[in-house]
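Trainee: predicted model and sequence below, questions to follow.
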Amino acid sequence: MSSPNLNNVILAGALLAFCSIILGGNANSLVSPVVQLIMCKFHIWTLSLGFSLAFGAMFSKTWRVHRIFTNKKIQRMVIKDFQLMAIVCVLVGLDVLILSIWQFTDPLQIVYVNKTLQAFPDPHNDNQNLIPQIRYCESKHMWYFAGAIYAIKGLILVFGAFLAFETRKVTVPALNDSKFIGMSVYNVVVLCLIGVPIALILKEEIEASYVLISLFIMFATTLTICLVFIPKIVKRNHEFQSGGMLSKSCDSSAAARRADRHGPFTFKSEGNSAVLRDEVSNLKNTLEQRERRIKELEDKFIGINGKSPMSEETEFTGDIGTNPGLDDSDDCSENAMC
């Protein structure tokens, strides 16, 4: 029921977010300054692109559902996966543009900071003190570019929350992810509101800042994946155990026949089976109501005349065909009168 291509994009974005955690662990004692600078740059790129891929794909699917169920001429609108991929590419393109401008106009540099307040005596020389030194990545106008990226991500989250609110009443369970998307947005917003100030306040506390921000990224990414995919996996397993897979294949065949008769349907295979299944259910209910009504009318007819209307029709037809009192001339005269 869910687009596999876009689900793969969501997973790719989550993978990049997890990679950003590894790249952010550029401790001073483990890597050289050159390697640390490269890791800093890749950390920013992977985190930004991962967010755009994951949430861009998630919200584009929700946008398709919103467009379909709010359009009055549903059967004339086709929204394919490549159109949704184009939306994701636009978001990724914005990230690439901003990060490229940042890279070429104000590149990151290694900054050294001496923590003189934490100086301690040299155990090998009593006449001198050792001053801890930390290094981290920074640029002169770093927070202007970071602010632009944060603004774009914030708008994406607001738009996703709006789509989740608008599609909350969609009656097709497999297409209505509004509750889980809303929870994902809430989760990311809360963690961002906590994580960004921590990144600013604990800028010189490298270890503490890295641990907290990494936990936030890991928790937000993992929870988002669970909210998006676990309900689908549970539903798929339930349908497989109850024989729902067979009905899905039948619905797909019915969708193909319907497309041949009435032209392109609203959306691709993930929507066809759901809508057709609801339509078949509604038609079955209507048919059952008609059958009950026919049964009631037959019972009333039997109660009045003492016989079934079908048996009476058979007897009436048999009397006309076997009555010996009618000859050909009478039959012709009756036909002439008719």
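Mentor: Ah, there it is.

Trainee: got the contact list for stretch 152-170?
Mentor: Applying C-beta atoms under 8 Å, 6 or more residues apart in numbering, the external contacts of stretch 152-170 come out as 48, 51-52, 55-56, 58-59, 62-63, 65-66, 69-70, 91, 94-95, 98, 175-179, 181-182, 185, 188-189, 192. (Each C-beta comes from the backbone N, C-alpha and C, glycine too.)

Trainee: which parts of that stretch are buried?
Mentor: 152, 153, 156, 157, 160, 161, 163, 164, 166, 167, 170 (16 or more other C-beta atoms under 10 Å).

Trainee: and the first one, how far from residue 108?
Mentor: From residue 152 across to residue 108, the span is 19 Å (C-beta to C-beta, to the nearest Å).

Trainee: for the fourth one, same thing?
Mentor: When distances are taken as C-beta to C-beta, residue 157 and residue 108 turn out to be 26 Å apart.

Trainee: please apply the same query to the third one.
Mentor: The span separating residue 156 from residue 108 equals 24 Å under the rule C-beta to C-beta.

Trainee: my guess is residue 138 meets residue 112, correct?
Mentor: No - if you go by C-beta atoms under 8 Å, residue 138 and residue 112 don't touch, sitting 10.6 Å apart.

Trainee: comparing the two, which shows the higher neighbour count?
Mentor: With neighbours defined as other C-beta atoms under 10 Å, residue 138 and residue 112 compare such that residue 138 has more, 14 against 10.

Trainee: where does the nearest residue to the more buried one once chain neighbours are set aside sit, in terms of helix or strand?
Mentor: Leaving aside its sequence neighbours, residue 138 sits nearest to residue 111 (C-beta to C-beta, 6 or more residues apart in numbering; 4.7 Å). Following DSSP states H and E, one finds residue 111 within strand 109-114.

Trainee: let me have the buried residues of stretch 152-170 in JSON lines, extended by distance to residue 39 and secondary structure.
Mentor: Output for these, formatted as JSON lines (distance: C-beta to C-beta, whole Å; DSSP: H, G, I helix; E, B strand; the rest coil):
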{"residue": "152", "distance to residue 39": "23", "secondary structure": "helix"}
{"residue": "153", "distance to residue 39": "22", "secondary structure": "helix"}
{"residue": "156", "distance to residue 39": "26", "secondary structure": "helix"}
{"residue": "157", "distance to residue 39": "27", "secondary structure": "helix"}
{"residue": "160", "distance to residue 39": "30", "secondary structure": "helix"}
{"residue": "161", "distance to residue 39": "33", "secondary structure": "helix"}
{"residue": "163", "distance to residue 39": "35", "secondary structure": "helix"}
{"residue": "164", "distance to residue 39": "35", "secondary structure": "helix"}
{"residue": "166", "distance to residue 39": "41", "secondary structure": "helix"}
{"residue": "167", "distance to residue 39": "40", "secondary structure": "coil"}
{"residue": "170", "distance to residue 39": "43", "secondary structure": "coil"}
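
Trainee: among those, which two are most distant?
Mentor: By the measure C-beta to C-beta, 152 and 170 form the most distant pair in the buried residues of stretch 152-170, at 27.3 Å.

Trainee: so where does residue 68 fall, helix or strand?
Mentor: helix 33-70.

Trainee: can you pull the buried residues of that helix?
Mentor: Across helix 33-70, burial judged by 16+ other C-beta under 10 Å covers 36-69.

Trainee: low-confidence ranges, the stretch 201-338 of the chain, go.
Mentor: For the stretch 201-338 of the chain, applying pLDDT under 70 flags the ranges 239-275, 306-338.

Trainee: so who does residue 196 touch?
Mentor: Residue 196 sits in contact with residue 150, where contact means C-beta under 8 Å, 6+ apart.

Trainee: and for residue 232, the neighbour number?
Mentor: Residue 232, neighbours per other C-beta under 10 Å, totals 15.

Trainee: that one is in what secondary structure piece?
Mentor: Take DSSP H and E as the rule and residue 232 turns out to sit in helix 206-241.

Trainee: what angle do helix 33-70 and that helix make with each other?
Mentor: Relative orientation of helix 206-241 and helix 33-70, computed by axes from the mean of the first three to the mean of the last three C-alpha atoms, to 10 degrees: 40 degrees.

Trainee: buried residues, stretch 126-146. List them.
Mentor: In stretch 126-146, counting by 16+ other C-beta under 10 Å, buried: 134, 136, 137, 139, 145, 146.

Trainee: my read is the first one is in a strand, agree?
Mentor: Yes - counting by DSSP: H, G, I helix; E, B strand; the rest coil, residue 134 is found in a strand.

Trainee: the residue nearest to it when sequence neighbours are not counted: neighbour count?
Mentor: Once flanking residues are discounted, residue 134 sits nearest to residue 113: 5.2 Å by C-beta to C-beta, 6+ apart. Using other C-beta under 10 Å, residue 113 has 14 neighbouring residues.

Trainee: so what's residue 113 up against?
Mentor: 133, 134, 135, 136, 204.

Trainee: redo those residues as JSON lines? Include distance to residue 87.
Mentor: Converted to JSON lines, those look like this (distance: C-beta to C-beta, whole Å):
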{"residue": "133", "distance to residue 87": "46"}
{"residue": "134", "distance to residue 87": "41"}
{"residue": "135", "distance to residue 87": "39"}
{"residue": "136", "distance to residue 87": "35"}
{"residue": "204", "distance to residue 87": "40"}
